[in-house]
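> need a 3D model of the following:
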Amino acid sequence: MSICTAGQDGDSPMLAPLLDNLQVGRRTRPDAVLGDKAYSSRANRSLLRSRKIEAVISEPSDQQGHRLRRGSKGGHPPKFDAIKYKGRNVIERGYARLKQWRGLATRYDKLAVVYRAAVVLNGVIAWLQHLSDTP
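The predicted structure follows:
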């Protein structure tokens, strides 16, 4: 099953449905989720905690300010593994490569199935280029 939303929709609300449909090989639960600051919410963090998945998501400065303003009621800062977070750049570079296709970056396609086909085709081409670059 694939999940495709409108281009203007945010990514963060789709974390729960994505995790529900995630499967890599036999595994259905990742060890950790690496996300940018947009994924930093109480709902996402509690969802990951309930599923025993480590959240490697940096805390935005406005959330830090809110927490600090509340004082002792603000709680502790969320656990953050900066070394694991550095691995997120691999994903970001993949998205940058995807967005080199103008149709994907601007979402010209009206049908989700056509858009998804373009994403899959882009991935196949990248995989084939990787195979030809490997000695």
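
> just want to check the distance between the nearest residue to residue 37 once chain neighbours are set aside and residue 78.
Ranked by CB to CB, 6 or more residues apart in numbering and with sequence neighbours excluded, the top spatial neighbour of residue 37 is residue 60, at 4.4 Å. No exception for glycine: its C-beta is placed from N, CA and C like everyone else's. Distance from residue 60 to residue 78, counting by CB to CB, to the nearest Å: 11 Å.

> shared neighbours, those two?
residue 40 (CB atoms under 8 Å, 6 or more residues apart in numbering).

> which one's more surrounded, the two?
residue 78 (17 against 14; other CB atoms under 10 Å).

> spatially nearest residue to residue 63 (excluding sequence neighbours)?
That would be residue 40: by CB to CB, 6+ apart, it lies 6.2 Å from residue 63.

> domain ranges for this protein?
The record's domain parsing of the chain by automatic domain parsing lists 1-85, 87-135.

> JSON lines for those domains, including mean pLDDT?
JSON lines is the format used below for the domains of the chain (pLDDT from 0 to 100):
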{"stretch": "domain 1-85", "mean pLDDT": "83"}
{"stretch": "domain 87-135", "mean pLDDT": "84"}
